[in-house]
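# Would you be able to build a 3D model of this:
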Amino acid sequence: MTAPTSPRIEQHPDIMALRAHSEETTATPAAQAVEALAVLSGVYLAASPWIAGFNGATTLTVTNLITGVAYACMVGGFGPAYERTHSLSWAAAAIGVWTIISPWVVAGHTFVTAAWVSNVIVGAIACLLALAMAGLGMGRARR
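As a prediction, the model looks like this:
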């Protein structure tokens, strides 16, 4: 059982400043656009085996489904809880890199061209969007 938080802690100037910084960072149209595009790329990654037509490669299909859902959930959480999740943008970039190399690691040479083209493109986009999220956070912190 956890103890209730003290009302004094919620009113601490540092916590209030951190929340204000978080709201300021995520309220910009650029941050919202980057987050929306990142969520869409995660959803595409999860559905790509059926969209691009390589759902016969079961290991790559499962890998894309899991990493796509994980990426979409991760970047979707950046907006409402930025003060607690901004440091996770490196993990989102790592998922993008994994997406690029996963056809060769998971499926070996048994995949179709559509699989690696789709994964390389969506992986690069996912990586760039994760770096953009990190950059938006750092750019606000410098100001």
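
# When you work out contacts or count neighbours from here on, use the C-alpha atoms and nothing else.
Fine.

# check contacts around residue 115.
Counting by CA atoms under 8 Å, 6 or more residues apart in numbering, residue 115 touches 49, 52, 53, 54, 103.

# mind checking pLDDT for residue 57?
Listed pLDDT for residue 57 reads 79.

# repeat for residue 125
Residue 125 is assigned 96 on the pLDDT scale.

# do the same with residue 88
For residue 88, the model assigns a pLDDT of 74.

# which secondary element of the protein has the worst mean pLDDT?
Sorting the helices and strands of the chain by mean pLDDT, DSSP states H and E puts helix 82-85 at the bottom, at a mean of 55.

# neighbouring contacts of whatever helix or strand comes next after that helix?
Using DSSP states H and E, the helix or strand that follows helix 82-85 towards the C-terminus is helix 89-106. Contacting residues not belonging to helix 89-106 are listed as 59-60, 63-64, 67, 71, 74-75, 111, 115-116, 119-131, 133-134 [CA under 8 Å, 6+ apart].

# rewinding a little: sitting in helices, which of the contacts of residue 115 do you find?
Among the contacts of residue 115, the ones falling in helices (DSSP state H) are 49, 52, 103.

# Make a ChimeraX selection of whichever of these turn out to be buried.
A single ChimeraX command selects the buried members of those (16 or more other CA atoms under 10 Å):
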select :49,103
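
# So which bits of the longest helix belonging to the chain are buried?
When the chain is parsed with DSSP H, its longest helix is helix 113-142. By neighbour count on 16+ other CA under 10 Å, the buried set for helix 113-142 is 115-116, 118-120, 122-134, 136-137.

# ditto for stretch 88-101
By neighbour count with 16+ other CA under 10 Å, stretch 88-101 contains the buried residues 88, 89, 92, 93, 94, 95, 96, 97, 98, 99, 100.

# contacting residues around the first one?
Residues in contact with residue 88 (CA under 8 Å, 6+ apart) are residue 74.

# wait, residue 68 sits on residue 46?
Yes: with contact defined as CA atoms under 8 Å, residue 68 counts as touching residue 46 (4.1 Å).

# Comparing the two, which residue is more hemmed in?
Using other CA atoms under 10 Å, the more surrounded residue of residue 68 and residue 46 is residue 68, with 27 against 23.
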